[in-house]
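Visitor: For reference, the sequence and a predicted model appear below.
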Amino acid sequence: LVGCSSNSSSGGSAGKAEQELTYATTSKVVGLSPILTNDSVSSTVIEQIYETLFVRDKKGEIVPHLAESYENPDENTWVIKLKKNIKFHDGTPFNADSVKYTFDKLKDPKTAAPRASLLAPVSSIEVQDEHTVVLKTEKPYGPMLAALTHSNAAIVSPTADQKQDLMKDPVGTGPFTFSEKVNGDDIVLVKNKDYWQKPAKLEKLTFTVVPEVSTAISMLQTGKVQLIDGLAPELMPRLEKIKNVDIQKKEGTPVYYLAFNMEKEPMNDLKFRQAVSQAINREGYLKKLNGLGVYSNSFIGPEVFGHNESSDKGPKFDQAEAKKLVKDNGFDKKEIKILAANTSQYMNMAEVIQSQLKEAGINATIETIEWGTYLDVSKKGDFDITIAGWSNVTGDGSELLFPRLHSANIDATNLSRYKDAELDKLIDQSRSVVDQEQRKEILTKADEYVMTQLPVLPIYHGIASAAYDKSVKGFEMEPTGQWSLYGVYRE
Amino acid sequence: MSTEVVTQQLPSHKKKKEFALYKTWKRLIKNKMAIVGLVIIAFQLFMALAAPVIVGVDPNKQNLELSELPIGTEGHWLGTDNYGRDIWSRIVYGARISLLVGIGAVSLGLVGGVVLGLLSGYYRRLDGIIMRFVDLMFAFPGILLAMLIIAILGTSLVNVVIAISIWSIPTCARIVRGSVLSIKKQEYIIAMRSLGASDLRIMVRHVLPNCMAPIIVFATMRMATAILSTASLSFLGLGAQPPTPEWGAMIAAGQEYMWTSPHMIVIPGIAIMLVVFAFNVVGDALRDALDQGMSLDK
Amino acid sequence: MKETVLEVKDLVTTFKSADGPLPAVRGASFSVKKGETLCIVGESGCGKSITALSIMGLLPSNGLISDGSISFNQKNLAEMSPKQMQKVRGNDVSMIFQEPMTALNPVFTIGFQIREPLMIHLKLSKKQAHMRGIELLKMVGIPSPVERMNQFPHELSGGMRQRVMIAIALSCNPSLLIADEPTTALDVTIQAQIIDLLNDLKEQLDMSMIMITHDMGVVAEIADRVIVMYAGEIIEEGRVEEIFEHPQHPYTKGLLASVPNVDDPEFDLKPIAGSMPMLNEQISGCRFHPRCPYAFDKCMEKSPKTFHVTDKQSVRCWLQEEGVEQNGGRRASSL
Amino acid sequence: MAVDEQVLYSVKNVKKHFPVRGGMLQRVKNHVKAVDGITLDIYKGETLGVVGESGCGKSTLGRTILGLESLTEGELVFNGNNISKYSSRQLKPYKKEMQMIFQDPYASLNPKQRIGDALEEALIIHTNLTSLERRERVLQLLNEVGLKEEHYDRYPHEFSGGQRQRIGIARAISINPSFIVCDEPVSALDVSVQAQVIKLLRDLQEKHGLTYLFVSHDLGVVRHLCNRVLVMYLGQMVELAPVHKLYENPTHPYTEALLSAIPRPTVGRKRERIRLRGDLPSPSNPPTGCPFHTRCPIAKEHCSTEKPAWREIDEGHFIACHER
Amino acid sequence: MAGLIVRRIFQLVLLLIGISFIVFMSMHIAPGDPASIIGGPTATQEDVEAIRENLGLNEPLLAQYFDYLKGIFAGDLGFSYQTKQAVSEAIIDRFPNTLNLAIASIIVAIVIGVTAGIISALKHNTWFDGLSTIIALGGISIPNFWLGAILILIFAVNLQWFPVGGLTEPFWTIEGMKQLALPAITLGTGSAAMIARMSRSAMLEVIRADYVRTARAKGVRERTVIMMHCLRNAMIPVITVIGLNFGFLLGGTIITESVFAINGVGRLMIESIAARDFPMVQGSVLLVATLFVLVNLIVDIVYAFIDPRISYE
Ligand SMILES: Nc1ncnc2c1ncn2[C@@H]1O[C@H](COP(=O)(O)OP(=O)(O)OP(=O)(O)O)[C@@H](O)[C@H]1O
Ligand SMILES: Nc1ncnc2c1ncn2[C@@H]1O[C@H](COP(=O)(O)OP(=O)(O)OP(=O)(O)O)[C@@H](O)[C@H]1O
Ligand SMILES: [Mg+2]
Ligand SMILES: [Mg+2]
């Protein structure tokens, strides 16, 4: 009986499905400027409004989007040709100036862009002609293209940015334009009729905030919402039972792992890390995830550039061995503090891991803290083991290893506080080599090295998931969990 | 000189133990609802004290293979949770926690509230300052105050206790102040002053015992609120640290399973409700009993 | 002989309580004649107010008239339905209470409260009731009655409030007024004003009045006849002169002897030992015997019957019985 | 009763004003002049009665004399020592000398305290007796006021009003004071019990040579118990005289009216009453001149403007009136 | 009365300064840096530092506070750290929702609470009294997030009588009322229970009052005695409880708004605390406190209307 016929909120015809869609998230959109935001909810909307120079295609290959083509005259120079006849929503033509403006602004310390690091290696941005920009780096920067696919590197209209606050009033080149903000936090987008490709099929998109996921599912069930994503494993059984809902899953780029604090006893002891690795039944835990995770004994996940199927070098679950290691080395003497942010996903992992470590004789306690505090505390290294995740929006292995394990990022993103000259060298190489095949080899090597040294223990690799009303067609997710509603329609 | 002895027999002369407390107790247990409440509280107390004896299973022992078993499963008569932990054993151990949290928060709050209330009721000069401070605390929504305190102190059960106790202070202070203001005017307080008793002595020996009735009622009712607030804070992720078997945290964790394994939230929900209900009922009945005690004493 | 307005026979009023029934009035019989003032005296808790409230049908919810009849103008009030009772109250029988501070509703104006009975019983319009209200206030001696109509009780002094209560009680020309210690809470100077007022009005309106008090002075000032109550029982009844000049019951005598006399500095104060028994206290025989200086064996065994000293004066005391009377009487008269 | 003419306590122009707050910042807007200029000598061994209508400041006077209320103005001289400005520490030895008995026997005992403990408390504060000695003393006190030893462990609610008043008296005399303020000690009691307590007070005075300040509105009791009587009106002194002079020859019109208003328990003799107009004026806004002029049957024009002087009209007989 | 209002507003200003100080200081003492949160997990140290500088968080603490205070007196509540939106604007957007919810809940609470309380008192010691006591005490004992979830399960998902969540339509439309119904019941239940208890005991007390006996002695009909003479007096203490409960409800919106996906100030507060968005936390707490004080001022004014003994001059 649970139908979807009651979704006519603004009084349309009952016959043909209205080309409208409502998407629910658990937290609000912080803002709509790609330069000033760095949260996944904002980027979901930003991706409908703005576009990047490059995108990943269905196979995960990077292809030009707003760009026409690119070439590397030398390792430190990227000459990017842009598509012509593209206009921003406000009528400003899209050209090399707008690209330069956007990137300069992103890099400007005064802007305080949260994702300024994305283009940090770029030393200059020059306009060669109306439709050609040249990016110059000091050192070769391998993940350049990946960085340019990142939604925070989307191009904004310079005229609009000077005139208005893009956070509230965004102007991009994308298939949808900003219409209004309603009811506090809800954002309404409408079709961009002058889109440079064929216009989108949906007329109107609404992004609404529903803090409680179970309420969101109820709304999906009753047809008030048509799309939710980032599904939690524990909700799968319920979602699967709802008749009017389709679920889409796609192997994704995020990795969830344990970071050992390499500056503390006994975490700096390889035997301890091995013991932990063997104590945790990762495959068993995956069963709990209701298909929302993939097992892979590597840090660089299956969907991430640099992954190699055959490089399964890490330790495996072996409780007996773990117990022995613990006993022999006296690891049962010390209390280990597991730090986790207080979101259900991390807390779930923490609880299972704590319990399994206990079985192996390691005395672990959990400390959960708010996300905001967690960011600070974890960066300061005030923990023994922490549960961490990295969503890796660019889908490039360098973009995982560099922030997470390079010694340059201790006190920041390198939560393990791992300092290893050999790994640093490999990561540097992976970033400076421009040839993608070569980079892949280097990354695989680095990954294998990580899995023997174990400054981190990958628990599982994420799966992007979404649930939507059966009337929604043409919905396709990317491995990064992002999606565009450009090709989507209702019937 | 006359020392004619008053030889009249009084009705309530039976035993010495027939003092106010005993009378109140007798009046209390005449109330059927109060008995239900007392039985629930006694049962909770029993669970809390005898937890290891009642259940042999470690409440934190996971078994991912046997997760989300429904009520009535053999060996797990209240089922298991998403990690295959035995819900019955978690409920039993949780009784301990909710009792400790309640007692901890209430007694801390009482200490603060009683001291502030006594001082502000007794000394006119302090009254203004203390009551402005209390007003200030009152204007904060309670849960927000608790959230701010936990934001400062960090997430842990101990800090929840502190937060709830601080939140109890203004209410308690007002109640105590109110009683002190009326007791202060009573002639026996003036009598003590005329005997030359010190303020401290008067407050501790004469004022305090006589505002015990509202304080006891407040404390009982506050136990209920404290347990409920702990659950709310746990629901917001600000309470007990996993894997502590705290009832509120159990609901918060079970929320997502509400549709598939409703027993995960229904059982701790009922546990909270029963206990909170019990404290409320007893508090309510106590108020009646003490109230009557007051007037019949005359 | 004047006609009897109220006739109370064997009234027993009990309270339900956790410790079983508590008899507050234990078989009281008396009558009030037209135009007469009957005073009920006795110490606190002896059942004076409960007797009055039984007549009015206004007992607290746990109280119950368990026996006896109350006939008012030949109708038995004890058997009336609540609806019928409403028609009698405030109309034929009125009552004034002890506490002027709490007897008026704090949230309504004096005018509202005085109009109410007029509109209910006399079916006056609001305007008429208002005019009549002003007249009534004038009658009870309240200055500037027009303004008072719009004032609230808290704006009036205790004496004023008691006058308002009297005005309300008299508004429908009742044939019986019950005044339950109307002056106890007031100062002597105000008390004197109120007593004079009641006396005047009673004459003026030709009503009967039951005056409840524990002040022997008030009794002497106002009463035609007196009833003395002790522990729920009427122990002596008689004309005011007889009670004051020839009290028969040891308790009545004690009561008179324990009030210091303003006019006589050498007055010898003689306290009655002990204090009133509790309602539920089991006392065999006469309920006064534990405190009675003349008590003898019979007093402890049997409840005394009523002896008629004169045709107007009766007393419940074994000392009146032939034989013992001489002995006790002589000692008593030497007081 | 022979009155020793030695002054025990001298009260000089004592005033006690209570602030009335109101307005925006709860500022003091006005004062209730509860006691407004009382000057008295209290002699050793006498009983000084204080009478007047409710709210005229009788209790406040009693409390002020005992140092329970701070003085607004005036001096208190006890046994030759000016104690008006003493700190509470300095006052302690004097507190031992002065005690109080209260009106409400139900409110003047801590309901949560056993009688024995209540009586011992004063001993703990003022003496160094051991607990055994204290118990001894308390039992003796109980006996002295007509209670029994077994009452030691009882709670106040187990006693009747009269018994409680006895306990209150026992507490007051427990530390052998020389001066006791009795604030309407019998007005809440039943007549039959009232007489018992009056008798007890008298016996104790005789035995211990106590001095009483006896506050009451019952003129009968005052006549029975007191040597001298002070009549108060709106916080001020109206008439002060030895008891027989006051009753037989009341001079101030207020005293006259007061005495005539009392209903006498004697039938037949209808006496003419002096009727007073109106009620007691508010003590926060007392009339100018003679405070009584608004109700006085013989008031003249100057009564409303000039304050009458306090003068002696006969030996020991003082009044404040222009006309008498 | 005017004096009362002026005095209260003066007190309110002092109160707000006190509250803003407490909130300001506690937010700054609390661990968790707004800059780190804006930067997110991917931010480098330089990124975070740039954001801190940009937000002015490197200024001395007291200087920041006084700047903020100055802003308030100029009517400027500052800008959100996170969304860069003006705080006043963000609050104005959400405030109607919270107010609607709070008012609807208090209406539910008053209607149910007062009616049940009074009937209970009149039928003292009957089955109705017993049942309503149990329900009232049960009502106080239900965790409201739990109640909300269960109401959604039954009435929105299974029976589909009400929408699951959201508050998008104006409250005077049928749809708007439907949207308000479940959250208002969830939020109002606890208060209804408390008001019922209070009404019951107030009524029981009033029924025994002397003036009620006087009314009966005048021969007033029983119905009039209850409706005229008792009710108004009984409402006096109940109104205080209603005022206090309104404050309690404002706090309750924090959870209810989350459960029912209502975009209101309560949710804004909890989000802003989590995001360490100091200006937003301060702004919304100040709003709630102001509201609380105003409601209690209204209570005092209503008081003066039903109880002539109270005068504020
Ligand atoms: N509702 C009640 N329940 C139980 N006992 C009651 C109740 N009301 C009165 N009594 C008792 O009934 C007895 C008689 O009370 P009543 O009010 O008639 O005394 P009274 O003679 O009027 O005394 P007072 O002079 O103090 O007014 C008292 O002992 C009182 O305690
Ligand atoms: N603490 C106080 N604050 C303000 N006013 C007070 C205070 N105590 C007494 N008063 C006022 O002072 C005046 C005198 O009060 P007091 O109690 O001395 O009168 P009283 O003669 O003892 O009256 P009563 O016979 O009723 O006991 C009264 O108007 C009273 O309202
Ligand atoms: Mg009475
Ligand atoms: Mg007094």
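Guide: Perfect, I can see it now. Ligands and ions are numbered 1, 2, ... in the order given.

Visitor: can I assume E:Gly138 is in contact with B:Phe277?
Guide: Yes. The pair E:Gly138 and B:Phe277 qualifies as a contact (CB atoms under 8 Å) at a distance of 5.8 Å. Yep, even glycine has a C-beta here, placed from its N, CA and C like the rest.

Visitor: Can you pick out the residue with more neighbours from these two?
Guide: B:Phe277 (23 against 17; other CB atoms under 10 Å in any protein chain shown).

Visitor: any idea what sits nearest that one, other than its immediate chain neighbours?
Guide: E:Ser141 (4.1 Å; CB to CB, 6 or more residues apart in numbering or on different chains).

Visitor: Tell me how many other residues crowd the one you found.
Guide: So E:Ser141, with other CB under 10 Å, has 23 neighbours.

Visitor: Contact partners for D:Ile298?
Guide: Contacts for D:Ile298 were tallied using CB atoms under 8 Å, 6 or more residues apart in numbering or on different chains; they are D:Pro253, D:Glu323.

Visitor: what pLDDT does it get?
Guide: The per-residue pLDDT reported for D:Ile298 equals 89.

Visitor: ranges for the strands of the stretch 101-250 of chain D?
Guide: According to DSSP state E, counting those that start in this stretch, the stretch 101-250 of chain D carries its strands in the segments D:179-183, D:211-215, D:228-233, D:236-242.

Visitor: What residues does chain B have near chain E?
Guide: By the rule CB under 8 Å from any CB of the partner chain, the part of chain B lying against chain E is B:33, B:132, B:135-136, B:138-144, B:147-149, B:151-152, B:154, B:224, B:228, B:231-232, B:235-236, B:248, B:251, B:255, B:258-259, B:265, B:269, B:272-273, B:276-277, B:280-281, B:284.

Visitor: What is the longest helix belonging to chain B packed up against?
Guide: Longest helix of chain B, by residue count under DSSP state H: helix B:87-122. Counting by 3 or more CB pairs under 8 Å, 6 or more residues apart in numbering or on different chains; DSSP states H and E, the packing neighbours recorded for helix B:87-122 are helix B:32-54, helix B:124-139, helix B:157-184, helix B:212-235, helix B:247-254, helix B:263-296.

Visitor: thinking again about what came up before, among the residues of chain B next to chain E, the buried ones, what's the PyMOL command?
Guide: Listed next is the PyMOL selection for buried residues among these, using 16 or more other CB atoms under 10 Å in any protein chain shown:
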select buried, chain B and resi 33+135+136+138+139+140+141+142+143+144+147+148+149+151+152+154+224+228+231+232+235+236+248+251+255+258+259+265+269+272+273+276+277+280+281+284
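
Visitor: Distance of E:Ile226 relative to ligand 1?
Guide: 20 Å (CB to the nearest ligand atom, to the nearest Å).

Visitor: same deal with B:Ile164?
Guide: 41 Å.

Visitor: Just the pLDDT for the closest residue to that residue other than its chain neighbours.
Guide: For B:Ile164, ignoring the flanking residues on the chain, the nearest one in space by CB to CB, 6+ apart is B:Ala105 at 3.9 Å. The model reports B:Ala105 with a pLDDT of 91.

Visitor: Just list the residues touching D:Ala172, thanks.
Guide: By CB under 8 Å, 6+ apart, the neighbours of D:Ala172 are D:Gln99, D:Met100, D:Ile101, D:Ile180.

Visitor: So for it, what's the nearest residue that isn't a sequence neighbour?
Guide: D:Ala172 sits nearest to D:Gln99 (CB to CB, 6+ apart), 3.9 Å away.

Visitor: give the contact list for that neighbour.
Guide: B:Ser194, B:Leu195, D:Arg171, D:Ala172, D:Ile173, D:Ile175, D:Pro177, D:Phe179, D:Ile180, D:Val181.

Visitor: switch the cut-off to 6 Å
Guide: D:Ala172, D:Pro177, D:Ile180 (CB atoms under 6 Å, 6 or more residues apart in numbering or on different chains).

Visitor: nearest to ligand 1, of these?
Guide: Nearest to ligand 1 among the contacts of D:Gln99 is D:Ala172, at 26.4 Å by CB to the nearest ligand atom.

Visitor: Look up how far D:Lys148 lies from the closest one.
Guide: The gap separating D:Ala172 from D:Lys148 is 19 Å, by CB to CB, to the nearest Å.

Visitor: Please apply the same query to B:Ala271.
Guide: B:Ala271 is 54 Å from D:Lys148, by CB to CB.

Visitor: distance between the longest helix of chain B and the chain's centre?
Guide: 5 Å (CA atoms, centre = their mean, to the nearest Å).

Visitor: Check the secondary structure at the one residue in the stretch 201-324 of chain D that gets nearest to ligand 2 for me.
Guide: Nearest to ligand 2, among the residues of the stretch 201-324 of chain D, is D:Pro283, at 4.4 Å (CB to the nearest ligand atom). Under DSSP: H, G, I helix; E, B strand; the rest coil, D:Pro283 falls in the coil class.

Visitor: ok, and the closest non-adjacent residue to it?
Guide: Leaving aside its chain neighbours, D:Pro283 sits nearest to D:Val32 (5.1 Å; criterion: CB to CB, 6+ apart).

Visitor: Noted, bye for now.
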